[in-house]
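1. have a look at this prediction, sequence included:
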Amino acid sequence: MADELKTTKSAFKPAAVKPAVRPSTQPETRDEEPETGYTWRDFQSDQDVRWCPGCGDYAILKTVQRVLAEIGRPPHEHVFVSGIGCSSRFPYYVSTYGMHTIHGRATAVATGLKVVRPDLAVWVITGDGDGLSIGGNHMLHILRRNVDVQILLFNNQIYGLTKGQFSPTSEFGKITKSSPYGSADWPVNPAAFALGAGATFIARGMDRDPNHLATVIRRAYEHRGAAFVEIYQNCNVFNDGAFFVFTEKETKPQAALFVEHGKPMVFGANRDKGIRLDGLKPVVVDLTDGKWSVDDLLVHDETDETIAFLLTRMFDDPRHLELPRPFGVIRAVQRPTFDEVMRQQIERTIEARGPGDLRTLLFSGETWTVM
C-alpha cells in the first residue's frame, strides 16, 4: 500500500502567515519544477478506462495523474479509496494501490487506513451521491475529525451510474427519471456542508480548467488534515451542461470568481468587476465607473471563517443570482489531525502500561462460562 493559521480577528484582511503545508522541495510555479523522475504515464494503469465518451472524469483523471507525477512520490506510496458510482472506478485507472469499497463508506475505510499506515498518501474519490447521500454521515465525521486524507468529490448533480436519478446536489425542481414532476428536495451545498462539519481545507475546481484544478489538488495534498475538494464534473449523458456557465469561454469570466489568498476578489472578462461587502452581504461592483476601486474590494483570507462562510453560501440565495461562483481554495487552517492524536495516545499508553496482552485482556474483569 501507499508511504508516505491561525484565524485572524478581522474578517476582511488576510492573515500574515501562510497556511502550514507538508514539507516539499517543489517550487510554487509548475514551469520551474525540477524533474521528479516521474511522468503522468507512470500513474496510468493498464486498465481500459470505461467512462462514457466525453465524460468529465477523463479530464480529472489526467489532471490527478499529472499532479502525482509532480509530487514525485513513487506510485506505491499512494492509495486511492472509492465507494460506488461512476467516479469510484478511479482506483482501477491509476497505477497505485487502491480500494474499491462499498457505497458511501470510502471515508470510513480511508480513516482506518490512515491511522494504521500514516506513511501512505491516502486519497478518497467519491461523488455527490456516494459522498453526500448514503455517505453523508461518514463524510461529516472524517471532516470533523480532521483525518489526514485528500477527498476529491466529483459533483455532477445527478446519479450517473444508475442512469439519471436526482442526487443530493441536484437543483430544486430537477426533472429526472426519479422525479418526473420535479425534485422537491433543496440541494446540498457541498462546500457549505464541509465548512459546517469543521473541515480545515475546502476548495472548488472544475473539470474543464485542468491547470487550475491541478493547483487546487496540489494544495490539497500539501495540507495536513482533511482536505475537501469539490470538482464540478460534467455528465454529458444524463446532465449535460450543468456547469457550462462556469466553464465555457463566453460566460466563464462573468460567472466564475477565482479567489487567491491575500488578493482582492476581482473577476470579469476585463477584470472590471469585483466583490465588496455591504455590511456582511457580498455585492458586485463595477470597477470602471469611478465609484469603486480595487482598494474597496473584499480581500480573500483562507484562514478567516467569516469569509469562508460568505464564499460557500454566496450563490445559495436566489435574490443574489448576479454573484459569481467562487473557485480555488476557500479555507485552509491547521489543527491537530485525528490520526496524529490517536497515534500519540497509543504511544503514551504503551509507555505507561506496557505493550499489553490480548489474551490477558480477554480474560480480565468479569467473565462468564457458557455451558
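-> Right, received. Where do you want to start?
2. first-to-last residue distance for stretch 173-186?
-> 9 Å (CA to CA, to the nearest Å).
3. list the buried residues for it?
-> Buried residues in stretch 173-186, counted by 16 or more other CB atoms under 10 Å: Lys174, Thr176, Ser183, Asp185. In short, each C-beta sits where N, CA and C put it, glycine included.
4. in helices, which of those residues fall?
-> Applying DSSP state H to these, no entry is found in helices.
5. pick out the most distant pair among the residues you listed.
-> Thr176 and Asp185 (11.1 Å; CB to CB).
6. overlap in contacts of the two?
-> Phe166, Ser170 (CB atoms under 8 Å, 6 or more residues apart in numbering).
7. so which of the buried residues of stretch 173-186 comes closest to Gly356?
-> Distances from Gly356 to those, taken by CB to CB, are shortest for Asp185, at 48.6 Å.
8. tell me the contacts of that closest one?
-> Going by CB under 8 Å, 6+ apart, Asp185 touches Phe166, Pro168, Ser170, Phe172.
9. which among those gets closest to Thr360?
-> Nearest to Thr360 among the contacts of Asp185: Pro168, at 47.3 Å, using CB to CB.
10. my guess is that closest one contacts Met139, does it?
-> No - using CB atoms under 8 Å, Pro168 is not in contact with Met139, being 10.7 Å away.
11. looking at the two, which is more packed in?
-> Neighbours were counted for Pro168 and for Met139 using other CB atoms under 10 Å; Met139 has more, 28 against 22.
12. shouldn't the more buried one be within a helix?
-> Yes - the assignment for Met139 is a helix, going by DSSP: H, G, I helix; E, B strand; the rest coil.
13. so what pLDDT did it get?
-> On pLDDT, Met139 comes in at 98.
14. wait, Leu68 sits on Arg41?
-> No - between Leu68 and Arg41 there is no contact under CB under 8 Å: 10.9 Å.
15. one step back: and the contacts of Asp185, which are buried?
-> Phe166, Pro168, Ser170.
16. related to what we said a few turns ago, hey, what's in contact with both of Pro168 and Met139?
-> Contacts common to Pro168 and Met139, judged by CB under 8 Å, 6+ apart, are Leu132.
17. next, the residue sitting nearest the centre point of the chain: secondary structure please.
-> By CA atoms, centre = their mean, the chain has its centre lying nearest to Val229, at 1.3 Å. On the three-state scheme (three-state DSSP), Val229 is labelled strand.
18. who are the contact partners of Thr247?
-> Residues in contact with Thr247 (CB under 8 Å, 6+ apart) are Met206, Asp207, Arg208, Asp209, Tyr232, Asn234.
19. helix/strand/coil for Val370?
-> coil.
20. pLDDT of the helix or strand where Leu68 lies, averaged?
-> According to DSSP states H and E, Leu68 maps onto helix 57-71. Averaging pLDDT along helix 57-71 yields 98.
21. which strands or helices does that helix pack on?
-> helix 90-93, strand 150-155, helix 210-222 (3 or more CB pairs under 8 Å, 6 or more residues apart in numbering; DSSP states H and E).
22. okay, the ones you listed in TSV with mean pLDDT and mean neighbour count next?
-> Below are the helices and strands packed on helix 57-71 laid out as TSV (pLDDT from 0 to 100; neighbours: other CB atoms under 10 Å):
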stretch	mean pLDDT	mean neighbour count
helix 90-93	98	22
strand 150-155	98	27
helix 210-222	98	20
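23. nearest to Pro74 among those would be which one?
-> helix 210-222 (14.7 Å).
24. contacts for that closest one?
-> Applying CB under 8 Å, 6+ apart, the external contacts of helix 210-222 come out as 21-22, 24, 30, 59-60, 62-64, 66-67, 70-71, 121, 150, 152, 201, 203-207, 227, 229, 231, 258, 327-329, 332.
25. narrow the residues you listed to those that are buried.
-> 59-60, 62-64, 66-67, 70-71, 121, 150, 152, 201, 203-207, 227, 229, 231, 258, 327-329, 332.
26. mind showing which ranges of the protein have poor pLDDT?
-> 1-34, 316-321 (pLDDT under 70).
27. all strands of it, in order?
-> 78-82, 97-100, 121-127, 150-155, 201-206, 227-232, 256-258, 266-267, 273-278, 281-286, 325-332 (DSSP state E).
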